[in-house]
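Participant: Next come a sequence and a model predicted from it.
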Amino acid sequence: MNTLSDSLLFLVVALPFLGAVLAPLSIILLDRWGTIAIALFPAAALAILFQQSAQVQDRVAILFGFDWIPSFGVRFSFRLDGLSFGFAFLILFIGALVVLYSGGYMPKGARRGRFLLFIMLFMGAMLGLVLADDLVTLFVFWELTSIASFLLIGFDHEREAARRGAIQALVITGGGGLALLAGLVLIRESTGLSSMTQLIDAPDALRVGTSYVPILLLVLTGAFTKSAQMPLHVWLPNAMEAPTPVSAYLHSATMVKAGIYLLMRTFPMLGGTDLWSTILPVFGGITLVVGATLALRQSDIKLMLAYTTVASLGLLVMLIGIGTPLAIEAAVLYLFAHSLAKACLFMVAGSIDHGAGTRDIRALGGLAGKMPVTFVCALLGAAAMGGLPPLFGFLAKEEVYAATATADPIGFVTTAAALVGNALMFAVALQVAIRPFVGPLPSGLRRAHETHVLIWIGPLVLGIIGLLAAIFSVTTHQFISNPMSPPDPSGALAVDIALGFHWGPALILSIATVVLGAVLFWRAARARATIAGWLTRIGWGPDRGFDQFMRGLVQVSYKVTIALQPGLLDVYMRVTLAVIVGTVWVTMVWTNSLPSWPGMPHLFFYEWAVIGIIVIGVLVVVLAASRLTAVVSLGIQGLAVALLFMLLGAPDLSFTQFMVEVLSVSILALVMTRLRLMPADKRPWRDMGAEAALSVAGGLGLALFLLAIVQRPFDTAVTDFYERYSYTIAHGRNIVNVILVDFRGVDTMGEIAVVLTTGAAILALVRIRAAKPDARHSRKRRRRAGELQA
Amino acid sequence: MSGIGNILAGIFVVMGAGFALIAAIGILRLPDFYTRIHAASKAGTVGSVLALLALAIVSDESAEVLRAIAAIVFFFLTAPISAHLLGRSAYTAGYRMWEGSVRNEMQELKETGRVESAPSSEAPS
Amino acid sequence: MEVALVGLIGIMFSVTIYLLLSRYIIRMLLGVVLLGNSVNLTLFVAGRIDPIAPPLIPAQLTTPPQDVANALPQALVLTAIVISFSFFVFLLVLAYRAYQDLETDDTHEMRVAEPEDEGLPPLGY
Amino acid sequence: MNPFVANLLLALVWLVVTGTFSLGNLIFGFVLGAGSLFLIREQIGAVSYFRRGKKIVSLILFLIYDLAISAWRVARTVLNPKLDVRPGVFLYRHRVSSEFEIALLSNLVGLTPGTLIFDISDDERTLFIHALDCSDPNARRREIRDGFERRILELFA
Amino acid sequence: MNLLQFSDLFLDVCLSIALALLCLALLLTVARIWKGPTLPDRVLGLDVLTSSAIGFIAVIGIDTGFTLYVDIAIALGLVGFLATISFARFILTRGDTERSPVYGAPEPADLRARREEDE
Amino acid sequence: MRTVIFRVAAPYLTALMLLFSLFVLLRGHNEPGGGFIGGLIASSAIAVYGMACGVEAVRNALHFHPIAYAGLGLLLAVFAGFMPLLGGEQFMTGLWLFLNVSGSELALSTTLLFDIGVFLVIVGAISAIALSLEDSQAG
Amino acid sequence: MNETQALIDAAMVTRDYTSDQALVVFPVLICFVFGAVLLMARRRMDLHPPIAVTGLALLLVADLALLARIAGWGPMSMAMGGWRPPFGISFTVDLLSALFLTVAGFAGLACGIYAVASIDEEGRRYGFFPFLFMVLGGVSGAFLTGDIFNLYVWFEVMLIGSFGLLILGSEREQLDGATKYGFLNLLGATLFLLTIGYCYGVFGTLNMADIALKSASLEGNGVLLTIASLFLVAFSMKAAAFPLNFWLPASYHTPRFVVSALFAGLLTKVGIYALIRVVLMLFPPERGGIGLILAWMAALTMLVGSLGALAQSDLRRLLNYVVIAGIGTILVGLAVPPVLESNSAAITTGAAAVLREQSGLPFNNGVSSDGPLATGLSGAIFYAVHSIVVMTALYLAAGVAAFRTGTSSLHEMGGMWRRHPLFSVLFLVLLLGVAGLPPFSGFWPKLLLVRASIAADLPWLATTVLVSGFLLTIASARIFALAFWRPLPVLADANEPHPHSEDGFRAPPPGRPLALVPLVALSLFVVAIGIWPEGLGRLSFEAAHQVLSPSAYLASVLGTAP
Ligand code: NA
Ligand code: NA
């Protein structure tokens, strides 16, 4: 691996990001033609990539990268092999066309620059994702695609539907991403392997590990969310709120394929088990059939395409689940065909929208004359999607049928699913390609016109590529699709690929597809109504479910939060004190560290008297019917404590306690009695009992723990030190004071900072009086806003 | 000297404590706030002053003696003031006097403009 | 002696907790004062209370003559007293100001920062 | 020079000369100084100083005497099982002049047990005195007039 | 037994008696504070408590030989005075407070009743 | 409140208390006392003065805002800790200077300076609190 | 004289004192000096901003110098008063302290600059900047001190300073919020003091290094568990961990935005610091018993925080809960089970081990040899640093947003994406950072925490981390959609007064460029750490190591112990 090619390969990853940074500037300087300049970035990247194609065809994996975060064991490393090459090709190629397309499609102004920035950002993220070797690096790019798509889907942010679509995509794919993260971390923690290359080199490491099942489920969750498998597909149709270039790019060729990429990538180490070949075909098959059915129900072209995308993704998942070399090969081909065709058709949809002002299939017709180029594009795209020869889609579909038919033991089911799905998709493709262009021109479409060259160039190129790829299928296969599929253990290239008819079940199934599709197309309106009827009868779908989930989440959160944070200080105190008391008791009992039974203390009578006065004072504080009595009793207690300190040989303490206590009580009485307050502490009986129990338990617990401690031997080294050096070095005869100003002077420094700040804080508290009406006003305002919302 | 000092101190201590007790009994027994002030401020002060005096006698530090004397002066200065301020404030704030009080010339003066018991020379103009 | 003090501390903590559980800020403030005292006593007792001579070094000597009380907890408690006094005064004034503006000292009625009628956040997008 | 300052200086000189810095020695020095000043009182115009000193001493002695008497009275009242009190407020129109003298008089009257300065009229001429035993206000007034007031008047004459 | 020994013994006995008397005094004062019934009564109780405590300090000072406790007594006297006069001041101004509350509307009857119950 | 008795006596009482507070402050290193207790006594003195003679009198007497004294106190304390750093000692190491003044020893030290800082903080802060509360109740 | 010298040699630290040691006290000194000077300069309000910003910049410089010193040469200590530890108070700085200190200084400076633009004359007059310095002084002291009682004192300095900031404005909300904040925090601080009392009663010492040594020799003693648990409760209150978090959502939204920003960044993190320092370092054998409780607390705290964030309609109250979720995430790192052998061995061998050469730490393959606890702890430290920066920035940004829309209610906000695109991007970066999405700073520590919990066989804890991140992602997306994307809702009442006159938004416009400077700096940090986390990651790892095998720390404190 030499440095130059390394750097060049890094450039592949970096170029889209570079383009992103320059996009706004380019638009400002060159207006819509600036998009051409930006399209050069992916084009350049593509060129660099193709330099490596020889090695890729030889199934040599090119590794490049550097230590990113050595302390986490994370490398910024990439792996260019057949699989990533194929995906990278799609991303860059379609990406470049989409960039051009957006130049024509997006309205003028700064928003175009911003849009292009996001598109390029997404392109970089996607490219990084498919090229990443290190698992963490992969995840970083994975999430980056979610973020970029959030911004893109919500691009028309002033519409609520766009915001909803963006949030939905982020929630679903982001949630899946977290599952993926868990899976990746689990892989690393259970095997110690941290890159795809390492995993590929030890393909059985995961399957034999004890964590296989959780890893598989987590990775699949990630892949399924991104690749819109039922019932997590809902975000995809809703993402159609995004501008059409976004749909053409993200929702045909790239983002939705990230999951497929992940499945293909992990197939060698996770695939081939019963679990794998059960889950994937089931989810994939259901997604295929349901997605295609729902596609037929739609009348908005973009939505029709979106649901067929869902169906296609289901088909891909099903194929990967089948997991035979043939199936994988078929998946690769289908992936390729689908990406080209779907991107083309989305762009066509955008072109129609742009030129005719609507995307509703029922309002469209007769545009062939007005928008001839678009019509051609539509035909090419639809033919590829429908699997008609001589387009690449046809080849793919042949392989699909070959693969499903040979799937064991579920061949019949998968084939049936594929047939139904393909037929439905064929019908939809026909609708998209035919309906808007033939028949009479509705009056509303008189002003329809062909669109800007930047708009139609993309689909046209894609359509032609679809054609060429099929015509030169051997080259295509050699270049792209063969390296993408994992090397067959048997070594033989089992797939025979050429543009021609394969006599056998595959052809029969293809014909059946076309026939069935044509019928459905013929009765499209009826079918739409029927499906709509079913949906109404079901009445509920994951899309509504999402709204319910979000609302429910907020409502549950609200209830939980209100319950946990009721806004009542006494509740807060109760919980806090209960935690403290519980901690003392539980740990003390748990560790059996209760004190031993103490002997009767020997006290002088006046010591008893002082303690007695404290007890009386304290009890009066709590029992007093009036708060004045309570305050003054507090003073009694304080004075007695001060006396106690004096009796115990703490004159400084006594000194301070006297002063502080008297001051506290005076201030308390002065301030408190100015207020009209409840004289007594009225609690309900039940509360009173519980709180008294808590109090007694607390007092007892804290005291017992103290007793347990004072029964232990005590190390007086520190105090001995103070006694020894208080006078001899610190020149002070009052050891306490020497501690305060010398031995532990820093405490005192903090203490005076507290006092100083208290003074300043009280000054602020007393002096600043806010204008009260404002506050009330704001509350009212808030409430009214809430009503508005409701 | 010390022996006599000790004996003197002992006597003063007991007297002081006795006065403190008298003050306590006084505020417990006397009928209203205004009469209790007498017990509190007078007997209480005398009690603490006597105890301090005893301490001054016993102490062999002259500085402490001086401080004890200063304290006594301070107590003598402050006791009447606090008693005066307390009583006056309570009266002004409207706390009633005991019904058993024999006269209130202040009230009398305010209501009638003159005081019966006082000789005319005593009455304010 | 320690046992007696421990018992005292237990009682003080019980009352403290009971007061702190009150709905009324003024009661809680009483609890705060008691809390400070209880904790200070705990700190004091934790340093053991065997010798009860004050930790002072008489003139002519360079170290204390006999066993003196543990000086360290005294210093700690002194610091703690000052700090808890500061906090007490602040909270007291805060309660006063709160009463002025919120017209209550019942924490159940002080629902300004976390109003009862807050309502759900927007449920849309 | 103020005779008191002179006396104090003499006491300090005594301290320095004897080299013993103690309270007792200071007081002793003060007394010695007073004695030496007393000898030359005519020459240095310290006659009034000594006269006033005598008055002050007499006031203090009277205060102690009065304090003892009335403390005993209060004690007897309080401890008497029958609790025979006849409290009341009487007024007293004093004759002293300066604020300081008023304050001093009030303080002394207030200090003695049994009497309490209740209020002072706005013109500060009349003291309202609460007495524990107010059965004979004129007797109380007489006691004050012949006791503290006379001595204060003499002192500041 | 010479004079010194006798005087020491005498002083000891006296101190014990004094302590007993003071303890009694403290307890009785506490009783008055408990009973009230008015704020001034309680303030007065605190005042007596303070002066009893001063006596207590002095006696303990003599008893333990740490006569420097006199300073604590002085400080207590100072701060006790401050407390008493500030209470006095408060009692004086409270009349005004009652008639026209500083903030808000006139005092409602129920609150007034509570306040009176308070005394 | 400001009756003649109190008014006349208050300045003397205040002076007496202030004197005592300084005494307590200065001898704190050797006997019970120190900056904190001294400061509390001094603040009590100022409070007594304020009650007898009014807030304005106190403000005039202090001249600067009380919180400034407190700030000065903290600065002094910090400075006392900082001085030894200049001399290459650890923070807050006590530096002592024993002056022989006419036979008696006068001890100056950073710990004393520190204690004076404590004193000022307490006096300043408590006076500031008292005065602001006083104002708020007047207004 | 020789005799005196002998005494001094026995009692005082006589080792060579290098001038860079003075750095240890500078943070506190700077704060106190500037706080005091600003308090004294009451007549010159115009001078407050320049003086304050100078002081804050100085503080940050001192913190950075200290960090550089510690990162280069290991822990450092200063014996206050020259008294030999454990007898005097020593300030001891290891990487953990220095790291927290530096970030605190950064947040402080950011808030200070923002405040210059946003705090009005009245706020200045009544001490905004002095309070700011006092809070920072308390925080710095808490990070620096090596003495447990002294730690309490710094807690209180910080607390009272925060009171001052909290009530600045005296609005009704503030009075209510401050009441709850005040009582609960006072209770927490007092519990801390009480526990110090118990701790002193057992060990007879207050020096943390000394306690660490002694507690290792008392291993298995039941009393220690109670003490450690009480410390845990006390610090959890400070850190606002569930179920002791009440005070935070009750108060953090009431003061000025810049104050919330400072609090959110700093105060709870001091609780975290104390948890690490005291519970992890002083009572390592006891951790086994409380590790599981910590794990539960962590999980519940995360959920309470992230659910709370979803439940709020006011942006600031929402952020309060985000702070709590962050605390829960940090706690995860403290909850994973320890590896006891290496840890307690380092301590029990006592003074000899203390001086043992610190072994080179293996970072090469990133799999720490000390197992999940080291990974988790470094994740916690990393996350704490991230959280300080991002939460400070978020509250500041919320202030700007509230000013620009005149409200902080999600019902009423809107339209900023169109009108203030750059600011919106800034806000978005912060939201993504707080949600823990890559490539922003919040992701990396989360990765470590997930790794640690999975390695420690606590999959449910890892799940909770991820779920909480998921919920926060939802909350962030909602904020962004509602407040930024959505057009400004039209209020029904056209006669509505101009929203800027509302309480809380009366301050002069923080929309001024000056207010954006700290915001940009903080956001750059979030991005920079997201893209290149190695520096902070390495520091966190080393800091965690120093905590878990504290020989260097102990050596720096007790290095010359007899
Ligand atoms: Na925080
Ligand atoms: Na906090």
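Facilitator: Cool, the structure landed. Numbering: from 1, shown residues only, chains lettered A, B, ... in the order given. Ligands and ions are numbered 1, 2, ... in the order given.
Participant: Quick check: the gap between the residue of chain A positioned farthest from its centre and residue A:248.
Facilitator: Within chain A, residue A:605 marks the point farthest from the mean C-alpha position, 72.5 Å out by C-alpha atoms, centre = their mean. Residue A:605 sits 97 Å away from residue A:248, taking C-beta to C-beta, to the nearest Å as the criterion. Using the backbone N, CA and C atoms, a C-beta is placed for each residue, glycine as well.
Participant: Now do the helix or strand hosting residue A:335: distance to the chain's middle.
Facilitator: Assigned by DSSP states H and E, residue A:335 belongs to helix A:325-356. Centroid separation for helix A:325-356 versus its chain: 27 Å, with C-alpha atoms, centre = their mean, to the nearest Å.
Participant: now for it, which elements pack on it?
Facilitator: With contacts defined as 3 or more C-beta pairs under 8 Å, 6 or more residues apart in numbering or on different chains; DSSP states H and E, the packing partners of helix A:325-356 are helix A:82-105, helix A:244-248, helix A:255-270, helix A:301-322, helix A:372-386, helix A:392-405, helix A:411-434, helix A:453-471.
Participant: Could you tell me how far the lengthiest helix in chain E lies from the centre of the chain?
Facilitator: Ranked by residue count and defined by DSSP state H, the top helix of chain E is helix E:3-35. Chain-centre distance of helix E:3-35: 17 Å, with C-alpha atoms, centre = their mean.
Participant: Likewise for stretch E:21-39?
Facilitator: The answer for stretch E:21-39 is 9 Å, by C-alpha atoms, centre = their mean.
Participant: With stretch C:106-125 instead?
Facilitator: Worked out by C-alpha atoms, centre = their mean, stretch C:106-125 lies 31 Å from the chain centre.
Participant: buried sites along it?
Facilitator: Neighbour counts using 16 or more other C-beta atoms under 10 Å in any protein chain shown place C:106-107, C:110-114, C:118-123, C:125 of stretch C:106-125 among the buried residues.
Participant: touching chain E at all, it?
Facilitator: No. Judged by C-beta under 8 Å from any C-beta of the partner chain, stretch C:106-125 stays clear of chain E, getting no closer than 12.5 Å.
Participant: ends of that stretch, how far apart?
Facilitator: Using C-alpha to C-alpha, to the nearest Å, one end of stretch C:106-125 lies 39 Å from the other.
Participant: Likewise for stretch G:135-153?
Facilitator: 12 Å.
Participant: same deal with stretch A:466-475?
Facilitator: End-to-end distance of stretch A:466-475 (C-alpha to C-alpha): 13 Å.
Participant: Point to the residue nearest the middle of chain B.
Facilitator: residue B:42 (1.8 Å).
Participant: so that one sits right up against residue B:79, yeah?
Facilitator: Yes. Counting by C-beta atoms under 8 Å, residue B:42 does reach residue B:79; the two are 7.4 Å apart.
Participant: so what's in contact with those two at the same time?
Facilitator: Counting by C-beta atoms under 8 Å, 6 or more residues apart in numbering or on different chains, the common neighbours of residue B:42 and residue B:79 are residue D:111.
Participant: one step back: ligand 2: which of the helices and strands packed on helix A:325-356 is closest?
Facilitator: For the helices and strands packed on helix A:325-356, proximity to ligand 2 was assessed by C-beta to the ion; helix A:255-270 is nearest, at 40.5 Å.
Participant: before we move on, back to that, for the helices and strands packed on helix A:325-356, could you give me TSV that also reports distance to chain D?
Facilitator: Shown next, in TSV, are those (distance: least, C-beta to the nearest C-beta, whole Å):
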stretch	distance to chain D
helix A:82-105	93
helix A:244-248	90
helix A:255-270	92
helix A:301-322	95
helix A:372-386	106
helix A:392-405	111
helix A:411-434	104
helix A:453-471	99
